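Predicted model, plus sequence, below.
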Amino acid sequence: MREFKDFLHLVRTRRSIRRFKKEKIPKNLLDGILEAGRWAPSGLNNQPWRFKILGGKEKDDLANFTKYSSIVKSADKVILVFLDKNSSYHYQKDLMAIGACIENMLLYIHWQGWGGCWLGEILNRREEVNKFLGLKDNLELCGVIALGKPYRKISKGKRYKLSKLLL
Ligand SMILES: Cc1cc2nc3c(=O)[nH]c(=O)nc-3n(C[C@H](O)[C@H](O)[C@H](O)COP(=O)(O)O)c2cc1C
């Protein structure tokens, strides 16, 4: 596992990874990722997230629903994150909880020395994705994480200076 000086070092060095090596993700890594997601905070602790993991041909077929198909194809696995509207209590807050869940997973992935990319563009075709997977309408696709071993060294990111953000 890569060493991180402290939590901020971990957070600052996480990047969206869009190309992966052909390495297989071990089962215990996948379990850890879902565990990190499952322990995210949510309003009233309603835990509205649901997960679907795809690999192999099913994953490659999912790539047809996004212009970022090369990222999906390159990944060993993808994690689809849904909002279960049956357990929703406040749409905006539920979406924020799902964002926290996805970020927990991305940080865990990076901490373990693997790479992930949060894909949102695929939501434009969320109804078709549900049909493809045979999922009911109560499950609303909120994000997809493409996952694998980074192909190259992780680049430096860019962020606004704090002074621009403070009101
Ligand atoms: C809600 C959301 C949707 C995103 N959708 C996509 C996407 O469809 N395709 C993609 O390549 N990156 C996507 N990203 C990744 C962002 O482009 C990336 O986080 C941003 O450029 C900052 O780069 P970094 O993650 O490497 O720090 C998305 C990120 C978020 C939070």
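Done, it's in. Numbers count the residues shown, from 1 in each chain.

can you pull the contacts of the residue of the chain found nearest the ligand?
Closest to the ligand within the chain is G120: 2.7 Å, counting by C-beta to the nearest ligand atom. Placement of C-beta: from N, CA and C, glycine included. Contact partners of G120, counting by C-beta atoms under 8 Å, 6 or more residues apart in numbering, are G143.

Can you verify L54 is assigned to a helix?
No - secondary structure assignment (DSSP: H, G, I helix; E, B strand; the rest coil) places L54 in strand, not in a helix.

next helix or strand past the longest strand seen in the chain?
In the chain, with assignment by DSSP state E, the single longest strand is strand 139-148. For strand 139-148, the following helix or strand on the C-terminal side (DSSP states H and E) is helix 162-165.

what sits against the residue nearest the centre of the chain?
In the chain, the residue lying closest to the centroid (C-alpha atoms, centre = their mean) is I145, at 3.0 Å. If you count contacts by C-beta under 8 Å, 6+ apart, I145 has them with 78-79, 81, 102, 105-106, 109, 116-119.

How much space separates it from M105?
Plainly put, I145 is 6 Å away from M105 if you go by C-beta to C-beta, to the nearest Å.

Hmm, K136 and F82 touching each other?
No - taking contacts as C-beta atoms under 8 Å, F82 lies outside contact range of K136: 10.2 Å.

which of those two has more neighbours?
Neighbours were counted for F82 and for K136 using other C-beta atoms under 10 Å; F82 has more, 22 against 9.

Next one, pLDDT for C142 please.
C142 carries a pLDDT value of 98.

so who does it touch?
49, 81-83, 95, 98, 102, 123.

And the strands in this structure?
49-55, 77-84, 115-119, 139-148.

Up against the ligand, what does this protein have?
15-16, 18, 68, 71, 117-121, 157 (C-beta under 6 Å from any ligand atom).

Narrow those to those that are buried.
Taking 16 or more other C-beta atoms under 10 Å as the criterion, what is buried in the residues of the chain next to the ligand is 15, 18, 68, 71, 117, 119.

Find the nearest non-adjacent residue to the last one, please.
Pointing back at L119 there. V144 (4.3 Å; C-beta to C-beta, 6 or more residues apart in numbering).
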